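**Student:** here are the coordinates; sequence isn't available:
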């Protein structure tokens, strides 16, 4: 019923471009620098809401401008020496970023790891070593870069969500339009990205349903600690809900080319 009412075949065909990529807000030169840029963007792609006005577009767009002015600003050596103040300057942000030191630490980790692994200081070399496999690239990212290991323990079971690792692969795929360094033969293996915004939409569409206690916490803007049962349940159920929506689209759509991939 949801798919028929909100994502009907006619609406997807006539109104929605689910495969679009924002060329204006990202660096999309189609070269190794583009991959390095995307790695930096996705390393710090988290925790926007405490600022009030900071959005993803500020990070992607302002970093793009910095890289266009000085491509060496995101070299692995410079990343390995990153500070909060320097990051703020790269992003042209007028005040301390949410979790600024953690963001800087993650970029130091990225730079240092790229310099000490077989990737010769280049994120693009890591992509090449994945051999056009999205799944293998996710494995390389999570193996060599601890900050991308989005995992937790839920009721005695280890849960792997790998949000930013998958976003990075999806961004490379989008920026290169599925060609060259962005060609992945198994791109459909990626899930949707388990963030904190998609659940809001699914809740409004009555796909997700929260308990009264959880709903009160959300309305009161209480922080759900990372790895807490409620946080894990929201993220995991979001992934499953998207997969179920896509399964319904595959079942009901005559034109299967209109059914998006999970990452779209």
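**Tutor:** Received it, and whenever you're ready, just let me know what you need. From a predicted model like this one, the values you see are computed outputs, not experimental measurements.
**Student:** relative to the whole chain's centre, how far out is stretch 219-239?
**Tutor:** Taking CA atoms, centre = their mean, to the nearest Å, the mean C-alpha location of stretch 219-239 is offset from the chain mean by 17 Å.
**Student:** give the rounded mean pLDDT of that stretch.
**Tutor:** For stretch 219-239, mean pLDDT is 93.
**Student:** mind listing what's buried along it?
**Tutor:** 224, 231-235, 237-239 (16 or more other CB atoms under 10 Å). For the C-beta atoms, the positions are set from N, CA and C on the backbone; glycine is no exception.
**Student:** likewise for stretch 165-181?
**Tutor:** In terms of neighbour count (16+ other CB under 10 Å), stretch 165-181 has its buried residues at 165-176, 181.
**Student:** mind putting those in TSV, secondary structure included?
**Tutor:** Output for those, formatted as TSV (DSSP: H, G, I helix; E, B strand; the rest coil):
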residue	secondary structure
165	helix
166	helix
167	helix
168	helix
169	helix
170	helix
171	helix
172	helix
173	helix
174	helix
175	helix
176	coil
181	helix
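**Student:** which one of these sits closest to residue 110?
**Tutor:** residue 168 (10.6 Å; CB to CB).
**Student:** other SSEs contacting the helix or strand containing residue 107?
**Tutor:** Residue 107 belongs to helix 100-116 when assigned by DSSP states H and E. Contacts defined by 3 or more CB pairs under 8 Å, 6 or more residues apart in numbering; DSSP states H and E place helix 100-116 against helix 32-43, helix 76-80, helix 84-90.
**Student:** hmm, 10 Å instead?
**Tutor:** Applying 3 or more CB pairs under 10 Å, 6 or more residues apart in numbering; DSSP states H and E, we find helix 100-116 packed against helix 32-43, helix 76-80, helix 84-90, helix 123-129, helix 134-144.
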